[in-house]
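Engineer: Okay, here's the prediction I keep looking at, along with the sequence it came from:
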Amino acid sequence: MSNPKYRAWDTKRKKMWSAEELGRDQLTLSPDGKGFVNVSSVSTKLSRYLPHLIPLQYTGEQDKHGKDIYQGDLIQNGIKDWCGCVVFQNGSFLVRNEVVLRELKFFVGIIEDEVVGNKYENPERLKEATE
């Protein structure tokens, strides 16, 4: 099994940080899994906990364009014009909206599925799709 890959939503700056950016800044997932730690190479006492960065795990799946799918992403199913948010629940990645809760693997592989944003940067997309 490969190491999990994460990106992060920065609640202070309202910015999404890619996995590559987190790596360059030497950020690692905190032991509680609820934030990141900026690891100091000089001393662990200088390391800083960053709870304002929300970890979003890569699901191991990609959309029809080859884009990685993460927790919090909004998946649009073009066949049924249905949109839902990727969540991790009970050990599985699921796609959820106000009406349906399905396993992510149910959607991935369908020719028309694609990431159309995420719930942090595009909250209106999920709301529009569930009205």
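Structural biologist: Done, it's in. Numbering: from 1, shown residues only.
Engineer: so who does Lys15 touch?
Structural biologist: With contact set as C-beta atoms under 8 Å, 6 or more residues apart in numbering, Lys15 has these partners: Trp9. Every C-beta, even on glycine, is put in place using the N, C-alpha and C of the backbone.
Engineer: what do you get if the cut-off is 10 Å, keeping everything else the same?
Structural biologist: The neighbours of Lys15, taking C-beta atoms under 10 Å, 6 or more residues apart in numbering as the test, are 8-9, 21, 53, 120-121.
Engineer: Can you tell me the strand partners of the one helix or strand Ile69 maps to and which way each runs?
Structural biologist: Ile69 is part of strand 68-70, with elements assigned from DSSP states H and E. Sheet pairing of strand 68-70 (DSSP bridges) gives strand 53-62 (antiparallel).
Engineer: on that earlier part again, pull up the pairing partners for the helix or strand that comes right after the strand holding Ile69, direction included.
Structural biologist: Next in sequence after strand 68-70, counting helices and strands by DSSP H and E, comes strand 73-77. Its sheet considered, strand 73-77 pairs with strand 82-89 (antiparallel), strand 113-118 (antiparallel) by DSSP bridges.
Engineer: a markdown table for the ones you listed, including distance to Tyr70, mean pLDDT and mean neighbour count?
Structural biologist: Listed next are those as a markdown table, based on distance: least, C-beta to C-beta, whole Å; pLDDT from 0 to 100; neighbours: other C-beta atoms under 10 Å:
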| stretch | distance to Tyr70 | mean pLDDT | mean neighbour count |
| --- | --- | --- | --- |
| strand 82-89 | 7 | 88 | 18 |
| strand 113-118 | 7 | 91 | 19 |
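Engineer: need the ones you listed in a markdown table with distance to Leu74, can you?
Structural biologist: Below are those laid out as a markdown table (distance: least, C-beta to C-beta, whole Å):
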| stretch | distance to Leu74 |
| --- | --- |
| strand 82-89 | 6 |
| strand 113-118 | 5 |
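Engineer: wait, which of those strands is closest to Asp25?
Structural biologist: The closest of those to Asp25 is strand 113-118. By C-beta to C-beta, the value is 20.3 Å.
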